[in-house]
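**Q** 3D model of this:
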Amino acid sequence: MSSLEDGFAAEKLFAQGYSYTYDDVIFLPHYIDFSTDAVSLSTRLSRRVPLSIPCVSSPMDTVSESHMAAAMAALGGIGIVHYNCDIAAQASIIRQAKSLRHPIASDAGMKLPEFEISSLDAFSPSSFVFVTQTAGTMTTPKLLGYVTKSQWTNMNYEQREMKIYDYMKSCDFCVPWDIDIEKMEALLEDKQKGFVVLERDGETVNVVTKDDIERVKGYPKSGPGTVGQDGEWMVGAAIGTRESDKERLEHLVNAGVNVVVLDSSQGNSLYQLDMIKYVKRTYPELDVIGGNVVTTYQAQNLIQAGVDGLRVGMGSGSICTTQEVCAVGRGQATAVYKVCSIAAQSGIPVIADGGISNSGHIVKALVLGASTVMMGSFLAGSTEAPGAYEYKNGKRIKKYRGMGSLEAMTKGSDQRYLGDTAKLKIAQGVVGAVADKGSVLKLIPYTMHAVKQGFQDLGASSLQSAHDLLRSNILRLEARTGAAQIEGGVHGLVSYEKKSF
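**A** Numbering: from 1, shown residues only. Sure, this is the predicted structure:
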């Protein structure tokens with residue numbers, strides 16, 4: 001290398017024996033000859049699943065259920081529904097996601113029938129509390145009734161101590177699931193009802209309030225949605241590699257699933273290789289994504305078995321402790337570059353799964369070779385994430401847990417870690433909470449614009465262009481010292497407020 005040459009080629013940087021994560025490396029800027037709006041982020045999730053944006057929601061039970069899957073599809077990405085539930089429940093989530101033509105997740109609280117409202121906080125920020133068979137989301141299509149803020153305020157103290165089921169009002173204002181949003185808004189104005197229930201085949205699909213519609217109207221306009229041949233949102237689902245997952249797969253296919261992800265923390269196993277071959281033999285038109293992998297050897301085994309996509313990452317998630325507990329894994333930047341280098345030779349798209357905390361991490365993952373990024377914590381706490389909001393120290397939060405946590409394992413996720421129900425369970429994840437992020441319908445468009453700015457700085461107008469520039473050694477990288485990482489972030493201030501948009 002000439003003494004005047006800047007940085008290192010990726011091939012040389014990642015051959016030094018270090019396990020780098022995203023913050024450890026930095027790209028050097030290239031030449032700009034196009035506008036930010038000229039950057040295209042269209043890509044592929046797998047061989048036959050195209051996306052307008054490279055965003056995938058992680059199959060975690062505090063991240064991806066029906067509202068998240070529908071919202072991600074509406075934005076041009078895709079959601080992968082978790083399987084930490086029984087077969088019927090997962091199939092129901094798939095069907096509901098496809099029925100959410102307008103992916104509006106209500107700000108209203110969803111409570112169980114035995115819930116007792118103790119303060120007006122239960123209504124915040126909405127004027128309604130809806131009574132459902134499951135708290136937190138509308139995943140189970142059964143809406144029982146509702147309570148208004150004014151109704152509760154006018155009740156005496158003895159009445160307020162009753163369970164909401166005893167004084168709720170019934171919901172009698174239903175409209176078809178595929179109604180235009182303009183007609184929905186007009187009906188709400190005409191009926192002076194405050195909310196509307198959307199139904200499909202006699203089952204509740206969603207509930208939308210006037211406030212919800214006003215809020216959504218202020219979000220950035222979405223690009224082309226991810227729509228399947230049936231005209232409905234494309235939705236993915238995770239499954240395991242046990243014999244019972246073959247029955248699960250059959251139900252998911254009947255529910256209309258568009259792609260399946262074999263969900264394992266270490267995907268290079270006999271069990272996964274056998275399942276890949278089973279899926280491709282039984283449902284040849286269904287794309288199957290294998291993983292997780294972090295080495296070229298692992299990737300080659302899954303590619304030879306017939307996968308249509310790969311998922312990369314081991315121990316890189318914010319709530320994952322696999323590297324700490326098992327001493328196995330790899331820094332995510334190194335893992336993405338190495339696996340993408342081998343996958344590209346077979347035309348296999350790669351999902352960079354885990355370690356995404358900001359738009360810069362997304363840029364790095366994509367430029368290093370990934371076709372998409374899978375996000376858990378980045379999307380957790382959003383309006384569309386499963387679970388009910390709570391307040392802690394004045395902050396509005398939602399629970400977020402790793403699928404390797406003992407709490408998640410008790411519901412069945414231990415098979416992701418090749419666990420056996422007859423043996424001891426060892427946690428490879430934690431349970432935590434994240435702050436309210438608002439709607440992904442706002443978060444993702446702003447994030448994608450920041451990613452486009454990163455691509456512009458690198459002189460790459462598309463993912464393919466970025467990959468070509470990297471492999472031709474035109475794009476250069478350097479490792480960052482600890483001091484350089486501090487310098488690259490906010491520093492030297494007494495106080496500051498950090499907002500992404």
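**Q** Just give the nearest non-adjacent residue to residue 256, would you?
**A** Leaving out its chain neighbours, the residue that sits closest to residue 256 by C-beta to C-beta, 6 or more residues apart in numbering is residue 98, at 5.7 Å. Backbone N, C-alpha and C define where each C-beta goes, glycine included.
**Q** What of residue 310?
**A** Of all residues not flanking residue 310 in the chain, residue 350 sits nearest, at 5.0 Å (C-beta to C-beta, 6+ apart).
**Q** List the contacts of that neighbour.
**A** Counting by C-beta atoms under 8 Å, 6 or more residues apart in numbering, residue 350 touches 309, 310, 311, 312, 336, 339, 340, 343, 369, 370, 371, 372.
**Q** Now distance to residue 300, pLDDT and secondary structure too, for the residues you listed, in JSON lines please.
**A** Output for the contacts of residue 350, formatted as JSON lines (distance: C-beta to C-beta, whole Å; pLDDT from 0 to 100; DSSP: H, G, I helix; E, B strand; the rest coil):
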{"residue": "309", "distance to residue 300": "15", "pLDDT": "98", "secondary structure": "strand"}
{"residue": "310", "distance to residue 300": "10", "pLDDT": "98", "secondary structure": "strand"}
{"residue": "311", "distance to residue 300": "15", "pLDDT": "98", "secondary structure": "strand"}
{"residue": "312", "distance to residue 300": "13", "pLDDT": "97", "secondary structure": "strand"}
{"residue": "336", "distance to residue 300": "16", "pLDDT": "98", "secondary structure": "helix"}
{"residue": "339", "distance to residue 300": "10", "pLDDT": "98", "secondary structure": "helix"}
{"residue": "340", "distance to residue 300": "13", "pLDDT": "98", "secondary structure": "helix"}
{"residue": "343", "distance to residue 300": "9", "pLDDT": "98", "secondary structure": "helix"}
{"residue": "369", "distance to residue 300": "15", "pLDDT": "98", "secondary structure": "coil"}
{"residue": "370", "distance to residue 300": "18", "pLDDT": "98", "secondary structure": "coil"}
{"residue": "371", "distance to residue 300": "18", "pLDDT": "98", "secondary structure": "coil"}
{"residue": "372", "distance to residue 300": "21", "pLDDT": "98", "secondary structure": "strand"}
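**Q** how about JSON lines for the residues you listed, with distance to residue 155 and neighbour count added?
**A** Shown next, in JSON lines, are the contacts of residue 350 (distance: C-beta to C-beta, whole Å; neighbours: other C-beta atoms under 10 Å):
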{"residue": "309", "distance to residue 155": "54", "neighbour count": "25"}
{"residue": "310", "distance to residue 155": "56", "neighbour count": "29"}
{"residue": "311", "distance to residue 155": "51", "neighbour count": "29"}
{"residue": "312", "distance to residue 155": "55", "neighbour count": "32"}
{"residue": "336", "distance to residue 155": "56", "neighbour count": "33"}
{"residue": "339", "distance to residue 155": "59", "neighbour count": "31"}
{"residue": "340", "distance to residue 155": "60", "neighbour count": "27"}
{"residue": "343", "distance to residue 155": "61", "neighbour count": "25"}
{"residue": "369", "distance to residue 155": "60", "neighbour count": "25"}
{"residue": "370", "distance to residue 155": "54", "neighbour count": "28"}
{"residue": "371", "distance to residue 155": "55", "neighbour count": "26"}
{"residue": "372", "distance to residue 155": "50", "neighbour count": "29"}
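**Q** Just the closest of the residues you listed to residue 112, please.
**A** Distance to residue 112 across the contacts of residue 350 (C-beta to C-beta) is lowest for residue 311, with 34.8 Å.
**Q** how near is the closest one to residue 236?
**A** For residue 311, the distance to residue 236 equals 11 Å [C-beta to C-beta, to the nearest Å].
**Q** Mind listing the shared neighbours of those two?
**A** By C-beta under 8 Å, 6+ apart, residue 311 and residue 236 have these common neighbours: 261, 289.
**Q** ok, back up a step: regarding the residue nearest to residue 310, what are the backbone dihedral angles?
**A** Dihedral angles of residue 350 (phi, psi; degrees, to the nearest 10) stand at phi -120, psi 130.
**Q** And residue 258, by the same measure?
**A** Main-chain torsions, residue 258, degrees, to the nearest 10: phi -100, psi -20.
**Q** Test my guess that it contacts residue 230.
**A** No. At 9.2 Å, residue 258 does not count as touching residue 230 under the criterion of C-beta atoms under 8 Å.
**Q** between these two, which one's more packed in?
**A** In this view residue 258 and residue 230 are compared by other C-beta atoms under 10 Å, and residue 258 has more residues nearby, 27 against 10.
**Q** hmm, back to that, name the element the residue nearest to residue 256 belongs to?
**A** helix 87-99 (DSSP states H and E).
**Q** cool, residue 102 as well?
**A** Going by DSSP H and E, residue 102 is not part of any helix or strand.
**Q** any idea where the strands of the stretch 251-400 of the chain begin and end?
**A** For the stretch 251-400 of the chain, the strands defined by DSSP state E, counting those that start in this stretch cover 259-262, 287-293, 309-312, 350-353, 372-375, 390-392, 395-401.
**Q** how far out from the middle of the chain is the fourth one?
**A** Using C-alpha atoms, centre = their mean, to the nearest Å, the mean C-alpha position of strand 350-353 is found 12 Å from that of the whole chain.
**Q** swap in the shortest one?
**A** Centroid separation for strand 390-392 versus its chain: 23 Å, with C-alpha atoms, centre = their mean.
**Q** Show which residues not belonging to it make contact with it.
**A** Applying C-beta under 8 Å, 6+ apart, the external contacts of strand 390-392 come out as 121, 396, 397, 398, 399, 433.
**Q** now do stretch 448-467
**A** In contact with stretch 448-467 (C-beta under 8 Å, 6+ apart) are residues 27, 29-43, 53-55, 340, 344, 359-360, 362-363, 366-367, 369, 371, 469, 475, 500.
**Q** If we use 6 Å, what do you get?
**A** Under the contact criterion C-beta atoms under 6 Å, 6 or more residues apart in numbering, stretch 448-467 has outside partners 27, 29-32, 34, 36, 38-40, 43, 53, 359, 362-363, 366-367, 369, 469.
**Q** element containing residue 434, please.
**A** Assigned by DSSP H and E, residue 434 falls in strand 431-435.
**Q** Tell me which residue lies nearest the centroid of the chain.
**A** For the chain, the residue nearest the mean C-alpha position is residue 57 (1.6 Å; C-alpha atoms, centre = their mean).
**Q** Quick check, that one in contact with residue 64.
**A** Yes. Between residue 57 and residue 64 there is a contact at 4.5 Å, judged by C-beta atoms under 6 Å.
**Q** Name the residues contacting each of these two.
**A** residue 79.
**Q** dump the residue contacts of residue 27.
**A** Neighbours of residue 27 in contact, by C-beta under 6 Å, 6+ apart: 458, 477.
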